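**Student:** Dropping the sequence and predicted coords here.
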Amino acid sequence: MISVQSLSKSFVIPHLHKRSVKGSLFSLFDRKTYEVNEVLKDFSLEVKSGEIVGIMGPNGSGKSTLLKIIAGVYEPDEGTITIEGKVTAILELGVGFHPELSAWENVLMNGLLLGLSREHLRREMKEIFRFAELESFMDMPLKHYSSGMAARLAFAVAMQVDADVYLLDEVLAVGDQAFQEKCLGVFRELQKKGKTVLLVSHSEELMNQLCDRVFSLSR
C-alpha cells in the first residue's frame, strides 16, 4: 500500500544574527551564511495492506518529516513514493479548533477540514462525543476544555475519516490509560477491515502492543 524508495530530504537553515539598526543596514552587503540539515537520507520503506507500522526515534530524526512527505505536504529532494487507495493524514490533532466556539461547532469545523461532509458530522455528532466521553460538554466553549479533553475530542473526530491508508502523528498521546486502550481498539478494528496505518509515536510500550513492525530512525 505504501512504497518509499531511496528517500532523502534536507532543510536549509539560515544563520540569523542579532544586530543594531545601523548594523542591519550594513549587513545588507554581507554574504549570507546557512547550514544544511539532512533529515532523511536514502530511506526506504514498504507497508503492506492491513499492516500497522510504527516509526520511532528521537526529536529531529525525521519522523514527522517522513509522514509529511508521504502525505504530500513536503517534496522530497530524492526518491519516489507510491501509495494505493485513499489516504488521510492526521498530522496534528485539533487543527482548526477555535477556543471561543462551542465543542460541537469545533467538531463541525474540524471535520470539514478533514474532508467529512456536514451531513456525516451532524449524523455522527452524538457518537463522536460518546466516544470522547464528553456527552455532557457538547455546548461548552472549547476554551473551558482541558488539553486532554480537547485531544480526546480531536481523536474522535479524526477517526470518522474513512480511508485505505492512515498517516498518523502522535495521535495515541491522548487521554488516560483507559482511553488509550479504547484508541488501541479502534486501530485493531481498522486492521481487521484491511486498513493500513503508518504511525509515529514516542511510546515504545504502545508501539509494541499495536504495531506489526516498528522502524527506528536516528539523527
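**Tutor:** Received the coordinates, thanks.
**Student:** most centrally placed residue in the chain?
**Tutor:** Among the residues of the chain, the one closest to the centroid is residue 91, at 1.8 Å (Cα atoms, centre = their mean).
**Student:** Identify the residues contacting that residue.
**Tutor:** 64, 67-68, 71, 73, 167, 169 (Cβ atoms under 8 Å, 6 or more residues apart in numbering). C-beta here means a position set from N, CA and C on the backbone, and glycine is covered the same way.
**Student:** from those, which would you call buried?
**Tutor:** 64, 67-68, 71, 167, 169 (16 or more other Cβ atoms under 10 Å).
**Student:** Point out the least confident member of those residues, please.
**Tutor:** pLDDT across those is lowest for residue 169, at 88.
**Student:** what are the phi and psi values for it?
**Tutor:** The phi/psi pair for residue 169 (degrees, to the nearest 10) reads phi -110, psi 110.
**Student:** Begin at 29, not 1, for the rest of this chat.
**Tutor:** OK, 29 is where the count begins now, so the last one is residue 197.
**Student:** That one and residue 208, how far apart?
**Tutor:** Counting by Cβ to Cβ, to the nearest Å, the separation of residue 197 from residue 208 is 16 Å.
**Student:** and stretch 206-226, how far from the chain's centre?
**Tutor:** 15 Å (Cα atoms, centre = their mean, to the nearest Å).
**Student:** could I get it in CSV with only the CA atoms?
**Tutor:** What follows is stretch 206-226, C-alpha atoms only, in CSV (Å, rounded to 0.1, in the frame of the first residue of the first chain):
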residue,chain,number,x,y,z
ALA,A,206,-8.4,3.6,29.8
PHE,A,207,-8.9,6.0,26.8
GLN,A,208,-5.6,4.9,25.2
GLU,A,209,-6.9,1.3,25.4
LYS,A,210,-10.0,2.4,23.6
CYS,A,211,-7.9,4.0,20.9
LEU,A,212,-5.9,0.8,20.5
GLY,A,213,-9.2,-1.0,19.9
VAL,A,214,-10.0,1.5,17.1
PHE,A,215,-6.7,0.7,15.4
ARG,A,216,-7.3,-3.0,15.8
GLU,A,217,-10.7,-2.6,14.1
LEU,A,218,-9.1,-0.7,11.3
GLN,A,219,-6.7,-3.6,10.8
LYS,A,220,-9.5,-6.1,10.7
LYS,A,221,-11.1,-4.1,7.9
GLY,A,222,-7.8,-4.3,5.9
LYS,A,223,-6.8,-0.7,6.5
THR,A,224,-3.2,0.3,6.5
VAL,A,225,-1.7,2.5,9.2
LEU,A,226,1.7,4.3,9.4
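**Student:** So which of the contacts of residue 119 sit within helices?
**Tutor:** By the criterion of DSSP state H, membership of the contacts of residue 119 in helices covers 92, 95-96, 99.
**Student:** and which of those residues is nearest residue 238?
**Tutor:** The closest of the ones in helices among the contacts of residue 119 to residue 238 turns out to be residue 95 (Cβ to Cβ; 16.4 Å).
**Student:** what sits against the closest one?
**Tutor:** 83, 117, 119, 195-197, 226, 228.
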